[in-house]
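In: I would like the atomic coordinates for the input below:
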Amino acid sequence: FTAFGPLYLQENFQSTRSAEAAGDATSILYLAIIAAPLTGMIIDHTGYRSQIQCIACMNIPIVFLILTYEILLPWKCMLWLGLLYSITESNGLAIISVIVPTELHGTAFGVSGCCISLALLIEPATVGYLHQLTGSFTTSIWIFILLTFLSGLIGVLVVIHDSKHHKLISTGANNL
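Out: Predicted structure coming up:
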């Protein structure tokens, strides 16, 4: 979203028609990410790592739906997204270290970083192409909503499967 967020906000919201207002709203997302150490500490304390990750992942498409239908002001959505991103960022890497054997951490973190980098590489070109084709960011937002919902759903199914069979990622951090 960061690649086209300001342009999307300028195109779709009266309150962020200027480049400055759209930039300010998008920067709130980065400001909220500063909460990552705090959210990580809270998750470590509660021990519900996989459940919190699933809730955060399922909230991301909801925020984009709210943004798409202009239910909340953009800055509120950006704040919410920033907090969700801080949860998924601080928690996602910790989950890898819990479910992957120590001798494979380098490979697991490398694959994770590669997937993130590939997404960041593909997103701007895809969004630009779809915007040029349709004249709007709506198609890109809907694809993003569907993909984030699908990934969140897969995460929920993995946690459900794990809780029935292995109980590895569903175990609280204090019980490992």
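
In: How about Ser136: what's its closest non-neighbour residue?
Out: With Cβ to Cβ, 6 or more residues apart in numbering as the criterion, Ser136 has its nearest non-adjacent residue at 7.2 Å, and that residue is Glu11. For every residue, glycine as well, the C-beta is placed using N, CA and C.

In: show me what contacts Gly152?
Out: The contact partners of Gly152, taken as Cβ atoms under 8 Å, 6 or more residues apart in numbering, are 54, 57-58, 60-61.

In: Sticking with the residue nearest to Ser136, tell me its helix or strand.
Out: With the criterion set as DSSP states H and E, the secondary-structure element containing Glu11 is helix 5-12.

In: And for Glu89, the neighbour number?
Out: 17 (other Cβ atoms under 10 Å).

In: Please report the distance of the nearest residue to it once chain neighbours are set aside from Leu120.
Out: The shortest distance from Glu89 to any residue that is not its chain neighbour, by Cβ to Cβ, 6+ apart, is 5.3 Å, and that residue is Ala36. For Ala36, the distance to Leu120 under the criterion Cβ to Cβ, to the nearest Å works out to 18 Å.

In: still on that earlier bit, distance of the residue nearest to Glu89 from Val159?
Out: In this structure, Ala36 and Val159 are 21 Å apart, going by Cβ to Cβ.

In: so where's this structure shaky on pLDDT?
Out: Within the chain, the set of residues satisfying pLDDT under 70 comprises 1-3, 15-16, 166-176.
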